[in-house]
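*Asks:* pasting the structure only:
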């Protein structure tokens, strides 16, 4: 419960960070100032652009307040990342999960926090079905066809696993993934999104 709480607060902070960045972009556009979309360039560029003479002093004060809030949220996200990383280092099961390709501290800790006792699942496929990573089966005329994934279960954990799978796809394209041969065969006939979900499952 504690580690999932850290994940939820982190997710909330990330949404807050995105909202703050969008708010800054929107306000600056009203005064004819275009800032780079990347959050890393935002602070450095804005410090120069905000000095334009046509921008009222009061607006500069308000934007500076938004930047201060943004920096505080960034610090909170970094602190939570360190907390989760330390938690994983002190958890034997999480450390073992981290040895899997595409699994980082976030995914490993989220799996343990969400799944709990893995013995409640007969095998990995049952866990995939519980997370909504398996396709729906549509039967007609004695034939069974596979549809889109069910998306049942925990959306956050499912998203983390798919992001990890996309990382493996990138490594596969560079020839550095242990699953490369299997993945590249799938990619011949399936879109990358479908392959990523298969890898996550």
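*Replies:* That came through, no problem. These numbers were taken from a predicted model, which means no experiment stands behind them. Residues are numbered from 1 along each chain as shown.
*Asks:* tell me where this protein has strands.
*Replies:* Assigned by DSSP state E, the chain shows strands spanning 135-140, 143-149.
*Asks:* mean pLDDT lowest for which of the ones you listed?
*Replies:* Least confidently modelled of these is strand 143-149, at a mean of 58 by mean pLDDT.
*Asks:* and the residue lying closest to residue 132 once chain neighbours are set aside, how many neighbours does it have?
*Replies:* Using CB to CB, 6 or more residues apart in numbering and skipping residues adjacent in sequence, the residue nearest residue 132 is residue 152, 3.9 Å away. For the C-beta atoms, the positions are set from N, CA and C on the backbone; glycine is no exception. Using other CB atoms under 10 Å, residue 152 has 14 other residues around it.
*Asks:* what segments of the chain are helices?
*Replies:* 2-30, 39-49, 57-89, 92-97, 105-115, 124-131, 155-173, 180-189, 192-200 (DSSP state H).
*Asks:* list the contacts of the residue most central in space within the chain.
*Replies:* Nearest to the geometric centre of the chain sits residue 160, at 5.4 Å (CA atoms, centre = their mean). By CB atoms under 8 Å, 6 or more residues apart in numbering, residue 160 lies in contact with 106, 107, 110.
*Asks:* and residue 196, by the same measure?
*Replies:* Residue 196 is in contact with 162, 165, 166, 169, counting by CB under 8 Å, 6+ apart.
*Asks:* once you drop chain neighbours, what's closest to it?
*Replies:* residue 165 (4.3 Å).
*Asks:* for the record, mean pLDDT for stretch 54-61?
*Replies:* Stretch 54-61 comes out at a mean pLDDT of 83.
*Asks:* find the nearest non-adjacent residue to residue 66, please.
*Replies:* residue 24 (5.4 Å).
*Asks:* can you give me the neighbour number for that neighbour?
*Replies:* For residue 24, using other CB under 10 Å, the count is 22.
*Asks:* tell me who's in contact with it.
*Replies:* Residue 24 sits in contact with 35, 42, 46, 63, 66, 67, 70, where contact means CB under 8 Å, 6+ apart.
*Asks:* likewise for residue 199?
*Replies:* 102, 165, 168, 169, 179, 183.
*Asks:* from the residues you listed, which two are the most distant?
*Replies:* 102 and 183 (11.1 Å; CB to CB).
*Asks:* any residues in contact with both of the two?
*Replies:* 168, 199.
*Asks:* shaky segments in this structure?
*Replies:* By pLDDT under 70, the weakly predicted segments of the chain are 49-53, 136-150.
*Asks:* if we go to 80?
*Replies:* Applying pLDDT under 80 to the chain flags residues 36-41, 43-55, 135-153.
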